[in-house]
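1. structure here, sequence nowhere to be found:
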């Protein structure tokens, strides 16, 4: 479920959805505005999977969450 394999397409894996999400985070998004953009891009992604992917990206330190806004993490 996290990584694609022969039975799971990249666009359905958590890593694939995470890559799509990172594209839409731009200058900061709320969870609901990010969800709207993701759903318009790929309507097969459920809200539950959306939240799981946000958890994964946060755990990988790819995004940060402060004051209700999701932003990309800068490690530089």
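-> The structure has been received and is ready for your questions. Model, not experiment: these values are computed from the prediction.
2. how about the strands in the chain?
-> Counting by DSSP state E, the chain has strands at residues 63-66, 69-72.
3. which one of those lies nearest to residue 3?
-> Of all the strands of the chain, strand 63-66 sits nearest to residue 3, with 19.0 Å by Cβ to Cβ. In short, each C-beta sits where N, CA and C put it, glycine included.
4. most tightly surrounded among the strands of the chain?
-> Among these, judged by mean count of other Cβ atoms under 10 Å, the one packed with the most neighbours on average is strand 69-72 (a mean of 16).
5. mean confidence for it?
-> Strand 69-72 shows a mean pLDDT of 93.
6. just how off-centre is it within its chain?
-> 11 Å (Cα atoms, centre = their mean, to the nearest Å).
7. check which helices and strands that strand sits against.
-> Applying 3 or more Cβ pairs under 8 Å, 6 or more residues apart in numbering; DSSP states H and E, one finds that strand 69-72 makes contact with helix 14-25, strand 63-66.
8. picking up where we left off before, now the strands of the chain as a markdown table including distance to residue 45?
-> Below are those laid out as a markdown table (distance: least, Cβ to Cβ, whole Å):
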| stretch | distance to residue 45 |
| --- | --- |
| strand 63-66 | 17 |
| strand 69-72 | 16 |
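9. wait, which of the ones you listed is closest to residue 27?
-> Of all the strands of the chain, strand 69-72 comes closest under Cβ to Cβ, at 7.6 Å.
10. and the contacts of the closest one?
-> The contact list for strand 69-72 (Cβ atoms under 8 Å, 6 or more residues apart in numbering) reads 22, 25, 27-31, 34, 54, 62-65.
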